[in-house]
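Peer 1: Need the 3D shape of this:
(one chain, ligands or ions: 2)
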Amino acid sequence: MERAIPTAVVLPTYNEADNLTALVQALLALPNDLTVIVVDDNSPDGTGELADHLARQTGRVLVRHRPGKLGLGTAYVEGFRTALAHGAQRIVTMDADFSHHPRYLPNVIALTEEAALGIGSRYVRGGATLNWGLHRQLLSALANTLARAALRLPSHDCTAGFRCYRREVLEAVNLDSIRSNGYSFLIEMLYQVTRHGFRVAETPILFEDRRFGQSKISEQEIMRAAMTVVRLSTARHR
Ligand SMILES: Nc1nc2c(ncn2[C@@H]2O[C@H](COP(=O)(O)OP(=O)(O)O)[C@@H](O)[C@H]2O)c(=O)[nH]1
Ligand SMILES: [Mg+2]
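Peer 2: Ligands and ions are numbered 1, 2, ... in the order given. Next up is the predicted model:
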């Protein structure tokens with residue numbers, strides 16, 4: 001039988017060819033025994049082929065190819081299922097664009113010695129968002145404050161994609177029941193995790209704007225996240 005993966009890092013990718021190689025190299029150089037799972041949505045820039053190349057070259061990368069851009073939420077779920085099937089005890093998610101710098105990853109993973117979910121957080125002391133426009137910063141801060149208050153979420157950064165889940169969390173949450181995508185998925189996932197009574201912990205990160213390429217997540221997405229908060233909180237009060 002194949003060796004079980006201790007810690008999997010799920011990287012959803014759409015047009016990240018300029019970032020992927022350097023990111024995978026940085027991850028594999030960390031002292032944590034990591035295996036990378038790339039979930040690529042048939043990126044036009046060839047990210048999928050690059051991931052296949054890295055898989056052959058390193059033997060520590062698994063690649064899931066999907067036929068087209070199906071959204072961040074379902075990409076995470078695909079990565080989660082792959083990680084669980086390979087026996088991963090810890091499952092990390094991060095952006096493939098260096099916004100979530102690998103240097104913070106050991107801290108994020110270490111949180112899960114005590115907590116069930118660790119978050120690399122912009123909104124705790126020592127954390128911050130660098131070089132984002134004022135408009136985006138305000139929207140993000142507003143979405144987070146709203147989500148935290150309306151859903152009584154325990155963390156300060158509720159839309160952070162820089163996370164480490166312990167295996168039992170992903171086994172407990174019904175992944176198929178999560179209806180939303182993008183930031184909404186992240187909020188809904190956090191909501192489910194806390195509803196199950198799991199502990200969440202945060203460690204500060206400096207979130208830098210992506211190195212190369214464009215954001216695939218629009219401001220419309222942030223507004224949709226606000227609607228998800230309303231949907232979940234009205235369901236909660238019923
Ligand atoms: N597989 C897949 N990955 C996606 C999709 N949308 C975004 N991503 C990836 O998800 C991560 C977050 O997206 P990004 O554009 O960086 O969002 P931002 O950081 O909020 O601006 C990046 O690694 C993207 O390449 C998608 O539809 N499918
Ligand atoms: Mg990003």
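
Peer 1: Just give the number of residues close to Ser140.
Peer 2: Ser140 has 22 neighbouring residues, counting by other CB atoms under 10 Å. Every C-beta, even on glycine, is put in place using the N, C-alpha and C of the backbone.

Peer 1: List the residues that contact it.
Peer 2: Arg122, Thr129, Trp132, Thr159, Ile222 (CB atoms under 8 Å, 6 or more residues apart in numbering).

Peer 1: Go through those residues and single out the one with the most neighbours.
Peer 2: Arg122 (26 neighbours).

Peer 1: Could you list which of the contacts of Ser140 also contact ligand 2?
Peer 2: The subset of these within reach of ligand 2, by CB under 5 Å from the ion, is empty.

Peer 1: Averaging pLDDT per element, find the lowest-scoring helix or strand in the chain.
Peer 2: helix 219-237 (a mean of 82; mean pLDDT, DSSP states H and E).

Peer 1: For that one, buried residues please.
Peer 2: In terms of neighbour count (16 or more other CB atoms under 10 Å), helix 219-237 has its buried residues at Glu221, Ile222, Arg224, Ala225, Ala226, Thr228, Val229, Leu232, Ser233.

Peer 1: Stretch 99-112 too?
Peer 2: Ser99, His100, His101, Pro102, Tyr104, Leu105, Val108, Ile109, Leu111, Thr112.

Peer 1: Figure out how far it is from the centre of its chain.
Peer 2: Stretch 99-112 has its C-alpha centroid displaced from the chain centroid by 12 Å (CA atoms, centre = their mean, to the nearest Å).
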